[in-house]
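J.: this is the structure alone, sequence omitted:
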């Protein structure tokens, strides 16, 4: 099993603050995805990054894939209570059909 | 609207019972997956299937089996439920291809084994 380590595990911040969540591995991934899961629901895909060094933006969320394709980060600007949820990174290896998920970051944004 | 539907949101079963968790997808996806989700451990893959009657072990297959008799349906079976199988179970599906295709998840089944 190729592990994906996420940090921090828990994050509680005030509305309007910025934050960064990290996803790290010792192995190379062919692509990396970020999902958000709300209570009582399954995870929903936010973004897929494929190229080393790639940066994608989704409104206030910025995703970056490391140059060596071993790590990724998610940065949220001016967090809002609606951003509250469990953020999961997931990596794919080569031609494998399955994803390896990280341990998750539970984000709480307080109004 | 694409959908992955799991048969139950909550289940309570007794130790030793045989438990069936059902998952149906309406997107004609080839790949289907069963994960369990525990606090601090993320999602761990139990089994997956890329075609009817095909199955592959994931990272934690012990104590579980699966069945895929039709493309749209993937069942997870706990042969003899134990308390350490108390968990949230998530089913997912995706198009044929490598892992960078989007996985669509069901709403989860929270199983408690007493």
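T.: Yep, that arrived. It should be emphasised that the depicted structure is a prediction, and the values quoted were computed from it without experimental measurement.

J.: tell me where the model's unsure across chain A.
T.: For chain A, the stretches with pLDDT under 70 are A:1-2, A:95.

J.: all strands for it, in order.
T.: In chain A, strands defined by DSSP state E lie at A:5-7, A:10-14, A:19-24, A:31-37, A:44-49, A:55-58, A:61-65, A:71-76, A:85-92, A:100-101, A:105-110, listed in chain order.

J.: distance to chain B added to those, as JSON lines?
T.: Just so you know, the C-beta spots here come from the backbone N, C-alpha and C atoms, and that holds for glycine as well. What follows is the strands of chain A, written out as JSON lines (distance: least, C-beta to the nearest C-beta, whole Å):
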{"stretch": "strand A:5-7", "distance to chain B": "8"}
{"stretch": "strand A:10-14", "distance to chain B": "10"}
{"stretch": "strand A:19-24", "distance to chain B": "11"}
{"stretch": "strand A:31-37", "distance to chain B": "4"}
{"stretch": "strand A:44-49", "distance to chain B": "5"}
{"stretch": "strand A:55-58", "distance to chain B": "13"}
{"stretch": "strand A:61-65", "distance to chain B": "12"}
{"stretch": "strand A:71-76", "distance to chain B": "13"}
{"stretch": "strand A:85-92", "distance to chain B": "3"}
{"stretch": "strand A:100-101", "distance to chain B": "4"}
{"stretch": "strand A:105-110", "distance to chain B": "9"}
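
J.: any chance of these in TSV, plus mean neighbour count?
T.: Formatted as TSV, the strands of chain A follow (neighbours: other C-beta atoms under 10 Å in any protein chain shown):
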stretch	mean neighbour count
strand A:5-7	16
strand A:10-14	13
strand A:19-24	19
strand A:31-37	23
strand A:44-49	18
strand A:55-58	13
strand A:61-65	20
strand A:71-76	21
strand A:85-92	24
strand A:100-101	25
strand A:105-110	17
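
J.: lovely, talk soon.
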